[in-house]
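S.K.: Quick one, fold the following:
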Amino acid sequence: MIRRTVLSLLSLLPLAACSSNSDSASGSATGAAGGAGMPGGTVSSAELGGPRGTIVPGSQQDLEINVGDRVFFAFDSAALDDAARQTLERQAAWLKQYPAVSVTIEGHCDERGTREYNLALGERRAQAVKNYLVALGISPDRIRTISYGKERPADPGHDETAWALNRRAVTVVNVSG
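M.R.: Purely as a prediction, here's the structure:
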């Protein structure tokens, strides 16, 4: 019951951000709700409204809200499904629009399996995303990969809902300077 309530509240966070006076949004909540194959979709900058809702073009927030910053994987798989490919096609178009932006692809896994196995699987997931972006015309020099295995869960739960959220690759804009 508590878990269902928490998940319901988390799904409302992107909507709450629309009326927030905060200068920055929480990246993980928005991205988790809006990623490929997951409920939530994307929110356009026009929906945020007002000067405080302005999104900096080419920023992490721009990527998360207008494109989608993560893709999800099936159990024990690094294969990209149709929803993941669609998100990555939007990411490639976005990266072409901002040629000075470089990114890191973080590979993540659910808690099942050994630490070593999940680090290797997370790397395969990150590499699958990188390979697809490169195939879409993004220079490999602009893309770094890293695997966190099961060490950074998006959802700390111990059920299929949590595991599905944790089997992901997240695109993170590199901040220079």
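S.K.: And the strands in this protein?
M.R.: With DSSP state E, the ranges of strands along the chain come out as 70-72, 103-108, 143-149, 168-173.
S.K.: so of the ones you listed, which one's packed in deepest?
M.R.: Burial of these is given as mean neighbour count (mean count of other C-beta atoms under 10 Å); strand 70-72 ranks first at a mean of 26. Every C-beta, even on glycine, is put in place using the N, C-alpha and C of the backbone.
S.K.: Tell me the strands beside it, with direction?
M.R.: Note on strand 70-72: by DSSP bridges, its sheet partners are strand 168-173 (antiparallel).
S.K.: So for the strand it pairs with, mean pLDDT?
M.R.: In this model, strand 168-173 has a mean pLDDT of 98.
S.K.: now stretch 54-64
M.R.: 95.
S.K.: Which residue is the nearest non-sequential neighbour of Glu111?
M.R.: Lys150 (5.0 Å; C-beta to C-beta, 6 or more residues apart in numbering).
S.K.: Okay, that neighbour and Thr104: tell me how far apart.
M.R.: 18 Å (C-beta to C-beta, to the nearest Å).
S.K.: Could you do Gly68 as well?
M.R.: Gly68 sits 16 Å away from Thr104, going by C-beta to C-beta.
S.K.: Check Gln97 too.
M.R.: Gln97 sits 19 Å away from Thr104 when distances are taken as C-beta to C-beta.
S.K.: Repeat that for Arg70.
M.R.: From Arg70 over to Thr104 (counting by C-beta to C-beta), the distance is 13 Å.
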